[in-house]
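Colleague: Sequence below, structure please.
(one chain, ligands or ions: 1)
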Amino acid sequence: MLSGWGRVFGPGREVCSEDIEALTNKATLTRGLARSYGDSSLPDARDGIVASTRLADRILSFDEGTGVVRAEAGFSLLQLNRTFWKRNFAAPVAPGTQFITLGGMVSADVHGKDHHATGGFGNHVSEMRMRLASGDIVTASRTENADLFKAAIGGMGLLGHILDVTFKMPKITSPWVAIETEKMPDLDSYLKGLKDAAKRFPFTMGWIDTLGATGKLGRGILMRGRWATAEEARPGVPQPLQRPGLPFVVPEFAISRLTVSAFNALYYGVHPSTMRRKIEHPETFFYPLDAIRHWNRVYGRRGFTQYQCVIPDAAGPEGVKSFVELLRKTGGSSMVSVIKDCGDEGEGMLSFPMRGTSVAADFPARDDVQMIVDTLNAHLIELGGRVYLAKDRYTRAADYRRMDKRVDAFLEVKRKYDPQGRLRSAQSARLELT
Ligand SMILES: Cc1cc2nc3c(=O)[nH]c(=O)nc-3n(C[C@H](O)[C@H](O)[C@H](O)COP(=O)(O)OP(=O)(O)OC[C@H]3O[C@@H](n4cnc5c(N)ncnc54)[C@H](O)[C@@H]3O)c2cc1C
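Modeller: This next block holds a predicted model:
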């Protein structure tokens, strides 16, 4: 059985090799490190073959003068950080885990704490080599097969197998991060603080308590940061941090509204009430969840889903507040509810971010999870928002179409490059993206 990060299991077979061209020859889907939470990296049928790129991870070229790098699709963000931080280069976007590959970063058009400043990963990609469903290998860029390029960015692997990616990394002043952490007593101050921080800092994000009682609902910890200057930086290069593992799957009864509320109150309580400034290790700031291996076991045997959506600025802070209020009412127990700022929509035809506020909450996969997602989606549609496919497992096809008017244009390009619908995932079958 194959699985996604939320412990979703599906049929099919995985093949893996260093030879990415041979690997993708017969596959119906390609995947990287399977860090998408739902069913986007799983085949939709027992005879589905998923090519895993995790061994196809070489750097093919690097220009120190421009920061342009070309690497195989299985090259991970972890390898990128370890190779380039010491040379004062960084990835152009800062998502919440480094256990992801270039292929996954393009296919989900991943965004980070810096989306308001730098956009999604696709913005920084200049070219890809792709194997199409026909077996042909082509180049896709803004000038060559431009429709394929734009549909593949955020296209969840449905346009072709990405073999290698060329993208540009920015030069940084040091690999350490200068951060500020501030407690916010309620959602209004949190949302205002987030918008203000975006004007001054490239990295902004934070955690909010979606289970707090009225008045405390949406209290949170806001974080903002930038690369430290050479003078501010700690001595030397940041060394990889130790990562203890969660050795067992936590029993389901341990995660209840009561225990999660207590955890949230404790997490909020331990943060000092005055604003803190610090020079931080980049792994601690960018990838807090990576600190514990297999943390996805915490929600029990049946796993969990992360519901992540973006609410457009047009809906205003009232729209975000109404959504967070609904999250609380629906009863999903979320330990890590994250609110981030999103900048302009990218070029990718199905890319997730749009100018607005992203809200993400985890729910254990219990019997009521489909009902919770349906309820949240109905309100999200009224607000003009959409869900993030890399996290999704439960959205219904009809709801997805209501959220994203770009689907028909995407399908036109999909049918041009894959007329027989050979490239499929469990998610594309569920959402009728074939
Ligand atoms: C703790 C955690 C934090 C996260 N934080 C963020 C965040 O801040 N921002 C964000 O945007 N995302 C975030 N994510 C989601 C993650 O970045 C995406 O799901 C990403 O796509 C995972 O990369 P992967 O290599 O594991 O891809 P997989 O999960 O293996 O695959 C994801 C999709 O990409 C396709 N794909 C992968 N490789 C290829 C290829 N070579 N050719 C064609 N298609 C391919 C797959 O078919 C699938 O549809 C987070 C995930 C975790 C677990």
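Colleague: Read off the pLDDT value for the most centrally placed residue in the chain.
Modeller: The chain has residue 110 as the residue nearest its centroid, 5.2 Å off, counting by C-alpha atoms, centre = their mean. Here, the pLDDT recorded for residue 110 equals 98.
Colleague: And the one 10 residues further on, by the same measure?
Modeller: Residue 120 is assigned a predicted lDDT (pLDDT) of 98.
Colleague: isn't it right next to residue 154, touching?
Modeller: Yes - here residue 120 reaches residue 154: they are 7.4 Å apart, a contact under C-beta atoms under 8 Å. For every residue, glycine as well, the C-beta is placed using N, CA and C.
Colleague: which secondary element of the chain has the worst mean pLDDT?
Modeller: The element with the least model confidence among the helices and strands of the chain, by mean pLDDT, DSSP states H and E, is helix 257-270, at a mean of 74.
Colleague: Tell me the first helix or strand C-terminal of that one.
Modeller: Scanning forward in sequence from helix 257-270 by DSSP states H and E, the next helix or strand is strand 276-280.
Colleague: for residue 316, phi and psi?
Modeller: Per-residue torsions, residue 316: phi 70, psi 170 (degrees, to the nearest 10).
Colleague: what pLDDT does it get?
Modeller: 95.
Colleague: re the thing from before, next up, the contacts around the residue nearest to the centre of the chain.
Modeller: Contact analysis of residue 110 by C-beta atoms under 8 Å, 6 or more residues apart in numbering lists 93, 95, 100, 104, 120, 121, 390.
Colleague: Once you drop chain neighbours, what's closest to residue 53?
Modeller: Leaving out its chain neighbours, the residue that sits closest to residue 53 by C-beta to C-beta, 6 or more residues apart in numbering is residue 74, at 3.3 Å.
Colleague: Pretty sure that neighbour sits against residue 56.
Modeller: Yes - assessed by C-beta under 8 Å, residue 74 is found in contact with residue 56 at 4.0 Å.
Colleague: Now for those two: what residues contact both?
Modeller: By C-beta under 8 Å, 6+ apart, the residues touching both residue 74 and residue 56 are residue 20.
Colleague: What's the mean pLDDT across stretch 408-423?
Modeller: What stretch 408-423 shows for mean pLDDT is 97.
Colleague: Ok, stretch 155-173 next?
Modeller: In this model, stretch 155-173 has an average pLDDT of 98.
Colleague: same question, stretch 375-388
Modeller: Summarised as a single mean, pLDDT over stretch 375-388 is 98.
Colleague: What are the buried residues along it?
Modeller: 375, 376, 377, 379, 380, 383, 384, 385, 386, 387, 388 (16 or more other C-beta atoms under 10 Å).
Colleague: Tell me which residues are up against that stretch.
Modeller: Contact partners of stretch 375-388, identified using C-beta under 8 Å, 6+ apart, comprise 108, 307-312, 314-315, 319, 322-323, 326-327, 330, 352, 354, 356, 358, 360, 395-396, 399-400, 402-404.
Colleague: Helices along the protein, start to end?
Modeller: Applying DSSP state H to the chain gives helices spanning 20-23, 77-84, 102-107, 115-118, 146-152, 187-200, 257-270, 282-286, 316-330, 369-383, 397-403, 407-417, 426-430.
Colleague: Run through the neighbouring helices and strands of the fifth one.
Modeller: With contacts defined as 3 or more C-beta pairs under 8 Å, 6 or more residues apart in numbering; DSSP states H and E, helix 146-152 has these neighbours: strand 125-131, strand 137-141, helix 407-417.
Colleague: Alpha carbons only: can I get that helix in PDB?
Modeller: Listed in PDB are the C-alpha atoms of helix 146-152, where the atom choice follows Å, rounded to 0.1, in the frame of the first residue of the first chain:
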ATOM      1  CA  ALA A 146       4.300  27.800 -22.700                       C
ATOM      2  CA  ASP A 147       0.800  26.400 -22.100                       C
ATOM      3  CA  LEU A 148       2.400  23.100 -20.800                       C
ATOM      4  CA  PHE A 149       4.700  25.100 -18.500                       C
ATOM      5  CA  LYS A 150       1.900  27.100 -17.000                       C
ATOM      6  CA  ALA A 151      -0.400  24.200 -16.500                       C
ATOM      7  CA  ALA A 152       2.400  22.000 -15.000                       C
END
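Colleague: what sits against the closest residue to residue 140 other than its chain neighbours?
Modeller: Closest residue in space to residue 140, ignoring its immediate chain neighbours: residue 149 at 4.0 Å, by C-beta to C-beta, 6+ apart. By C-beta under 8 Å, 6+ apart, residue 149 lies in contact with 128, 140, 141, 142.
Colleague: Could you rerun that using 10 Å?
Modeller: 106, 122, 125-128, 130, 139-143, 155, 159, 347-349, 413 (C-beta atoms under 10 Å, 6 or more residues apart in numbering).
Colleague: and the residues you listed, which are buried?
Modeller: Neighbour counting with 16+ other C-beta under 10 Å marks 106, 122, 125, 127-128, 130, 140, 155, 159, 347-349, 413 as buried within these.
Colleague: Now render those as CSV, adding distance to the ligand.
Modeller: Putting these into CSV (distance: C-beta to the nearest ligand atom, whole Å) gives the following:
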residue, distance to the ligand
106, 7
122, 11
125, 13
127, 14
128, 9
130, 7
140, 11
155, 8
159, 8
347, 15
348, 12
349, 14
413, 15
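Colleague: Can I get the residues you listed in JSON lines including distance to residue 235?
Modeller: What follows is these, written out as JSON lines (distance: C-beta to C-beta, whole Å):
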{"residue": "106", "distance to residue 235": "36"}
{"residue": "122", "distance to residue 235": "36"}
{"residue": "125", "distance to residue 235": "34"}
{"residue": "127", "distance to residue 235": "38"}
{"residue": "128", "distance to residue 235": "39"}
{"residue": "130", "distance to residue 235": "43"}
{"residue": "140", "distance to residue 235": "43"}
{"residue": "155", "distance to residue 235": "43"}
{"residue": "159", "distance to residue 235": "46"}
{"residue": "347", "distance to residue 235": "40"}
{"residue": "348", "distance to residue 235": "40"}
{"residue": "349", "distance to residue 235": "46"}
{"residue": "413", "distance to residue 235": "50"}
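Colleague: Can you pull the residues of the stretch 251-400 of the chain lying near the ligand?
Modeller: For the stretch 251-400 of the chain, the residues found near the ligand under the criterion C-beta under 6 Å from any ligand atom are 289, 390.
Colleague: What count of nearby residues applies to the closest residue to the ligand within the stretch 201-350 of the chain?
Modeller: Of all residues in the stretch 201-350 of the chain, residue 289 sits closest to the ligand, with a separation of 4.1 Å (C-beta to the nearest ligand atom). Applying the criterion other C-beta atoms under 10 Å, we find 11 residues in the vicinity of residue 289.
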